[in-house]
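Chemist: predicted model and sequence below, questions to follow.
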Amino acid sequence: MKDTFTIAVHSPRGGTGKTSVAINLACAYAKEGKDVCLLDMDLKSPSTFNGMFPPSGKWINDIFDYKKNIREVIVDGSKSIASESRFYVGYSNPEISAIREFSSKDRKWQSNALKALIQSKKDLQKEGFDVVIMDTSPGVDFTSANVVASSDYVLMVVKPNEYCLTNIKQAIDGIYAPLGKKCGIVENMCLNEQSLQMGEKYGVPVLTSIPCMCEVSAHGLSKIFTVEEPSHPFSSSIDRLKNSINY
């Protein structure tokens, strides 16, 4: 049984372009011939990847409630990106009632959810996936901590501004360091080659700095650049990122 490399894509705060990075990185791995599973783990504000992949009536929420297993929840999205390798996706429930229900969960539920997540990782390894990318909720809370705890590597997507610095320190000191996780920083939406030398400040490598590109922001989650425009500067940045992750 081959190893499965699990990446948690996290941000210390919202609005960093985290989900776009997660989607494009997952597709870049698939283009490389890897069998990939992309999971929307943001139960507080699910994106369901903006409907770019096949729909499903089964949710990651059901795994945490022990109603389904991961094999029952994920759907085949290979044709959506014309991938010859396997590309599967799993969604969090976007219904308001599901989000409200999740918001009321206690620590015992979160503890059981971590066990379910670890089991899901084992199941995906048995299924032969090379890479699992989990797009988690921003901030420092139990859910994002669970995803980080179950991952092999943490990709922290940030906007390089002074406001982010405090949030970055909270994430590193509050989650990554206590869990002993390897991590790397993606500086996204950089203006005029802006950088805050975050790697020097925190001892965490900056894997790539992605310039602010109007067309990327304008398309939002409606376009996968690594699939539709592989020579675009944003796609090139994602490829550099992929090649910088030690796996």
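Modeler: All right, it came through fine. Numbering: from 1, shown residues only.
Chemist: residue 33 falls within a strand, correct?
Modeler: No: going by DSSP: H, G, I helix; E, B strand; the rest coil, the assignment for residue 33 is coil, not a strand.
Chemist: tell me the SS of the nearest residue to it once chain neighbours are set aside?
Modeler: Spatial nearest neighbour of residue 33, chain neighbours left out: residue 85 (5.1 Å); criterion: CB to CB, 6 or more residues apart in numbering. C-beta: built from backbone N, CA, C; applies to glycine. Following three-state DSSP, residue 85 is assigned to coil.
Chemist: isn't residue 85 right up against residue 27?
Modeler: No: counting by CB atoms under 8 Å, residue 85 stays clear of residue 27, with 10.8 Å between them.
Chemist: between those two, which is the more surrounded one?
Modeler: More crowded of residue 85 and residue 27, by other CB atoms under 10 Å: residue 27, with 27 against 16.
Chemist: wasn't that one part of a strand?
Modeler: No: per three-state DSSP, residue 27 lies outside any strand segment and is helix.
Chemist: what sits closest to it if chain neighbours are left out?
Modeler: Per CB to CB, 6+ apart, closest to residue 27 is residue 226, 4.7 Å.
Chemist: repeat that for residue 15.
Modeler: Nearest one to residue 15, counting by CB to CB, 6+ apart, is residue 159 at 7.3 Å.
Chemist: state the number of residues packed around that neighbour.
Modeler: Quick note: residue 159 (other CB under 10 Å) scores 19 neighbours.
Chemist: residue 17 versus that one, what's the distance?
Modeler: 8 Å (CB to CB, to the nearest Å).
Chemist: ranges for the strands of this structure?
Modeler: 5-10, 36-41, 75-76, 87-90, 131-136, 153-158, 182-190, 206-211 (DSSP state E).
Chemist: in this protein, which helix or strand is least confident?
Modeler: Comparing helices and strands within the chain by mean pLDDT, DSSP states H and E singles out helix 198-202 as the least confident, with a mean of 70.
Chemist: contacting residues around stretch 138-146?
Modeler: Residues from elsewhere that reach stretch 138-146 (CB atoms under 8 Å, 6 or more residues apart in numbering): 10-14, 16, 18, 41-44, 107, 110, 113-114, 117, 136-137, 167, 170-171, 174-175, 179.
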